[in-house]
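Enquirer: the following comprises the amino acid sequence and a computationally predicted model.
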Amino acid sequence: MDSDVIILGGGLVGATLAVALDTHGLSSIVIDPADPAVTLAAGFDGRASAVASASGRLLDAIGVGARLAGQGCAIRGIRVSDGLAPGALDFTPDADDGALGTMYENKLLRRTLFEAADAASRVDLRMQTRAKTVDRSASGVTATLDTGAVVRAPLLIAAEGRNSPTREAAGITVARWKYDHTAIVGAFHHERPHDNTAFEIFYPSGPFALLPLPDDDIGHRSAIVWTVDAKDAAGMLKLGDRAFLAEAEKRMGGFLGTLSHASPRASYPLGFHHAARITAERLALVGDAAHGIHPIAGQGLNLGFRDVATLAEVLVEGKRLGLDLGDAALLARYQRWRGLDTFMVALATDSLTRLFGIPGKTASAVRRFGISAVNAIPPLKDRFMAEARGESGDLPKLLQGMTV
């Protein structure tokens, strides 16, 4: 065999898995059609991700955290409100508990993970390359690349994103639906400091999220994920910077002061998908190939990192035992470990999206009552904070900051 695994997709999740396996002595061939000159180009592309504290420990354990040090913005609190009505729910951990997570620009994460994978001795990174054919059989996996090369491994891992062709080719059923919503993403500067707080303001048209970014030479800065009705998205993108910032300031009630210096904006349609299973013969799905959720709780990338930590632990322990890495029993362990967790997170985010999307005064009153109830019940509030940190459930060792 050419390597221990073949990974289709070298994005955030695929690259993290390759580096995690390399840290533990396992080799991988990573195949990705993207051109690094495009995906790693300088400049803010409007996307930023909240890396939960448990995911941060994973990155620390595989040596990536040190490369990111000082370049993110710690999330030390989360404020949730129903519109601008009084009675917000504040999640603020004790000072000795550390941050809930860290905000990073996606371009920074992509570049850092690419460089880590490129430098790893057991990662064979093949960019601008596609797998023309892939054969999975009882004896192993063989992939013929568009370069003419033929590569082999006992296991294929699909990290191709939500439209994974490998998942479709495997005949894995996917539950999916659209929310008829579009997310407008970008960033801007603001007059007042964000105090390392993430804000989630719920409107019937969808959540309006403000995520803290590090200050720069201009001043205080936050990323925005603004959910709008799909029919309004084109109009929102056409707005000039001044008009866009005026609309955003109105939605915020001006609590961060005057807004300025809007970044380029992007949009993407929102939907839900969940694979009925995340394994097949000599195949494992990770990241968006396995599940895609509404960004309402900022857990999409963290679910992918949980997949990485779990699959890495299963494979490393299997290798130590001398097992075939495509062994059905190993894949069944990965399926059991991740299946319930991803389903429960997906169900919770979908339910939250629907609850906060119900219009009317009665629905709003119910939401405010729920927010007040969570605020008044410390164990419930602690549970929500554990979820935000990515610390619920049966945590793999990497998410605890330990190597396997």
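Expert: Received it, and whenever you're ready, just let me know what you need.
Enquirer: for stretch 244-264, C-alpha coordinates in PDB please.
Expert: C-alpha atoms of stretch 244-264 as PDB (Å, rounded to 0.1, in the frame of the first residue of the first chain):
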ATOM      1  CA  PHE A 244     -25.200  48.200   4.400                       C
ATOM      2  CA  LEU A 245     -23.500  49.500   7.600                       C
ATOM      3  CA  ALA A 246     -26.600  51.700   8.300                       C
ATOM      4  CA  GLU A 247     -28.800  48.600   8.100                       C
ATOM      5  CA  ALA A 248     -26.500  46.600  10.300                       C
ATOM      6  CA  GLU A 249     -26.300  49.400  12.900                       C
ATOM      7  CA  LYS A 250     -30.100  49.500  13.000                       C
ATOM      8  CA  ARG A 251     -30.200  45.700  13.600                       C
ATOM      9  CA  MET A 252     -27.700  46.200  16.500                       C
ATOM     10  CA  GLY A 253     -29.500  49.100  18.100                       C
ATOM     11  CA  GLY A 254     -26.100  50.900  17.900                       C
ATOM     12  CA  PHE A 255     -24.600  49.200  20.900                       C
ATOM     13  CA  LEU A 256     -21.200  49.000  19.300                       C
ATOM     14  CA  GLY A 257     -21.400  52.700  18.200                       C
ATOM     15  CA  THR A 258     -20.700  53.900  14.600                       C
ATOM     16  CA  LEU A 259     -19.700  51.200  12.100                       C
ATOM     17  CA  SER A 260     -17.200  51.700   9.400                       C
ATOM     18  CA  HIS A 261     -14.700  50.100   6.900                       C
ATOM     19  CA  ALA A 262     -17.000  47.200   5.700                       C
ATOM     20  CA  SER A 263     -15.100  44.300   4.200                       C
ATOM     21  CA  PRO A 264     -16.100  42.600   0.900                       C
END
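Enquirer: for the nearest residue to T23 once chain neighbours are set aside, give me its contacts.
Expert: Excluding the flanking residues, the one nearest T23 by C-beta to C-beta, 6 or more residues apart in numbering is I62, at 4.7 Å. Quick note: C-beta positions are derived from backbone N, CA and C, even for glycine. Residues near I62 by C-beta atoms under 8 Å, 6 or more residues apart in numbering: 16, 19-20, 23, 116, 398.
Enquirer: want to throw those residues into TSV with neighbour count?
Expert: Listed next are these as TSV, based on neighbours: other C-beta atoms under 10 Å:
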residue	neighbour count
T16	31
V19	26
A20	29
T23	20
A116	23
L398	29
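Enquirer: which two of the residues you listed have the greatest separation?
Expert: A116 and L398 (14.5 Å; C-beta to C-beta).
Enquirer: count of neighbours near D35?
Expert: By the criterion of other C-beta atoms under 10 Å, D35 has 11 neighbours.
Enquirer: and what of the one 5 residues further on?
Expert: Applying other C-beta under 10 Å, we find 14 residues neighbouring L40.
Enquirer: what sits closest to it if chain neighbours are left out?
Expert: Nearest to L40 is R111, by C-beta to C-beta, 6+ apart, at 4.9 Å.
Enquirer: thought G43 was touching that neighbour, still the case?
Expert: No - between R111 and G43 there is no contact under C-beta atoms under 8 Å: 11.6 Å.
Enquirer: compare those two (neighbour count), which wins?
Expert: A direct count of neighbours by other C-beta under 10 Å for R111 and G43 places R111 higher, at 17 against 9.
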